[in-house]
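Student: Sequence and predicted structure, then a few things I'm wondering about:
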Amino acid sequence: MTTSPILLWFRRDLRLSDHPALSEAVASGRPVIPVFLHDEAVAALGAAPKWRLGLSVAALAEALEACGTRLILRRGRALEALRALIAETGAGAVWWTRAYDPDSIARDSAVKSALKDDGIEARSFPGHILFEPWTTQTGTGGFYKVYTPFWKAVRDRDVAAPQPAPGRIPAPDTWPASDRLDDWRLGAAMDRGAAVVADHVTVGEAAARDRLAAFIDGPVADYDTARDFPAGDGTSRLSENLTYGEISPVALWHAGQRAMAAGKPGAETFLQEVVWRDFAYHLVYHTPRITRENWRPEWDAFPWNTDETEAVTRWKQGRTGEPFVDAAMREMYVTGTMHNRARMIVASYLTKHLLSHWRIGQRWFEDCLIDWDPASNAMGWQWAAGSGPDATPYFRVFNPATQLEKFDRGGHYRHRWIAEGVARPSATALAYFDAVPRSWGLSPSQAYPAPIVDLKAGRERALEAYRNRDF
């Protein structure tokens, strides 16, 4: 048996428990060198996810130190950085947790092939999703294109219990040099927004576990209905932690199963949402074009606006004159996240009332969401636009005014995030003006903007555009 070190390459799996690659590396008895790379994937991240990633890396480094080891940081293209570490440490293996989006697959395939040619063991492990995309097939052997049959196919499958975190991680005799995390300046593009969003983040594995426990102890019971009300506390808010792998989907699955067994009525709906994330990765793996192109090719000729119009700019700023849309966008700038129903409303408004391409919204969310996820973001936008799998019918146009009346009847969500015209605006509503770019020149003393489009006229314009296309 070899005694050469294993380079354990952390990516979006920044935890110690329920980490198959880490567990097997520790069980091997070989020295383990934890590594995080500021590689091409990190360099491509938008402002908010890159900043939030830095917080997660710092939390992981602290957790590793408690296990008697350390996290080595290197900057550069993945293959070059790994080869340099191999040369410095004598490592005979590089292990990592699999990713399924097309950019990650391309990077990982090239790395694996090159390292094997170098005589280095290169292995990938599960852990990012519940079910590997190639393990769930239709009766005819294909992949699933609709969520409900996918859910029925996996809901009764056995999922192994989460693995505990190792007590100690075997360290090498000597350590390679490491970059300083602060030198990477991962939050530079956030500018002043970082200080605002920092008050709303929940970082690290321990905090993620506490967040899950609190949700299962309380809100999960009413999750089926409470999750639709954006002013309430009816959701788990775990998307932030799942994004960086601070908690595993397996942990969520087993917690949800325990809640179901305890008779909590919202638990099954929660499990369905966990599997919805899996479904997004299932589709991204089998149809990678979904991340950048219309999943339904018949939408390629649809005359969406692709320009940065004044209406698009006002949508980005949260100044459309539609309180639900504007409150949602401002929630994102202040907290880094957005309630799921609000995401549906802002996406429908951009793609239908404004007839602007879903890619505009997708790219903006890539820059602004701390819980940005390549699969969920792509599928969510295409679902709202009507161009994706299992999509909302293209002729369904959400009315943000009636949606606000239905799901925020007391006006709490609106008042939490909109300051203009309010005698005593909330601190969160005022924080929006501290978070957004100074170049926008916005102030709470300004009047709240008039609607940029009449909702009825915008809906009719969208329906007319749909009638003129052959779907």
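Tutor: Sure, I can see it. Just so you know, these numbers come straight off a predicted model, no measurement behind them. Residues are numbered from 1 along each chain as shown.
Student: what sits up against the strand or helix carrying Ala311?
Tutor: Assigned by DSSP states H and E, Ala311 belongs to helix 310-317. For helix 310-317, contacts defined as C-beta atoms under 8 Å, 6 or more residues apart in numbering pick out 305, 320-321, 325, 329, 346, 349-350, 354, 356, 360, 364, 436, 440, 442, 449, 452-453. Using the backbone N, CA and C atoms, a C-beta is placed for each residue, glycine as well.
Student: next helix or strand past the top strand by length along the chain?
Tutor: Using DSSP state E to define each element, the chain has its longest strand at strand 32-38. Sequence-wise, the next helix or strand downstream of strand 32-38 (DSSP H and E) is helix 40-43.
Student: Can you tell me the SS state at Ala25?
Tutor: Look at Ala25: counting by DSSP: H, G, I helix; E, B strand; the rest coil, its state is helix.
Student: Let me fix that, I meant to ask about Ser124.
Tutor: strand.
Student: Identify the residue nearest it in space, chain neighbours excluded?
Tutor: Closest residue to Ser124 apart from its sequence neighbours, by C-beta to C-beta, 6 or more residues apart in numbering: Arg98 at 4.5 Å.
Student: How many residues are close by Asn468?
Tutor: As a burial measure, Asn468 scores 9 neighbours (other C-beta atoms under 10 Å).
Student: partners of whichever helix or strand Val94 is part of, with directions?
Tutor: Following DSSP H and E, the helix or strand that holds Val94 is strand 93-97. Here strand 93-97 is paired, per DSSP bridges, with strand 6-10 (parallel), strand 121-125 (parallel).
Student: looking at those strands, which is buried most?
Tutor: Sort the strands paired with strand 93-97 by mean neighbour count, taking mean count of other C-beta atoms under 10 Å, and strand 6-10 sits at the top with a mean of 26.
Student: Following the chain onward from the strand holding Val94, which element is next?
Tutor: Using DSSP H and E, the first helix or strand after strand 93-97 is helix 102-117.
Student: Sort out which residues of that next one are buried, please.
Tutor: Neighbour-count burial for helix 102-117, with 16 or more other C-beta atoms under 10 Å as criterion, is recorded at Pro102, Ser104, Arg107, Asp108, Val111, Lys112, Ala114, Leu115.
Student: go on, stretch 428-438?
Tutor: Result for stretch 428-438 [16+ other C-beta under 10 Å]: buried residues Thr428, Ala429, Ala431, Tyr432, Phe433, Ala435, Val436.
Student: Likewise for stretch 230-246?
Tutor: 230-232, 234-246.
Student: and what of stretch 434-454?
Tutor: So, applying 16+ other C-beta under 10 Å, buried residues of stretch 434-454: Ala435, Val436, Leu442, Pro451, Ile452, Val453.
Student: Does the last one lie in a helix or a strand, and which?
Tutor: Going back to what we said before, that points to Val453. Secondary structure (DSSP H and E) places Val453 outside all helices and strands.
Student: Could you report the separation of it from His19?
Tutor: According to C-beta to C-beta, to the nearest Å, Val453 stands 48 Å off from His19.
Student: so which of the buried residues of stretch 230-246 comes closest to Asp183?
Tutor: Tyr244 (20.3 Å; C-beta to C-beta).
Student: Need phi/psi at the residue nearest to that closest one when sequence neighbours are not counted.
Tutor: Spatial nearest neighbour of Tyr244, excluding adjacent residues (C-beta to C-beta, 6+ apart): Ser56 at 4.2 Å. Main-chain dihedrals, Ser56, degrees, to the nearest 10: phi -70, psi -40.
Student: And for Ser56, the neighbour number?
Tutor: With other C-beta under 10 Å as criterion, Ser56 counts 26.
Student: pLDDT averaged over stretch 44-55, what's the number?
Tutor: Mean per-residue pLDDT for stretch 44-55: 98.
Student: Where does the prediction get shaky in the protein?
Tutor: Scanning the chain for pLDDT under 70 picks out 1, 470-471.
Student: Let me know whether Trp95 touches Ser23 as I believe.
Tutor: No - in this structure Trp95 lies outside contact range of Ser23 using C-beta atoms under 8 Å: 10.8 Å.
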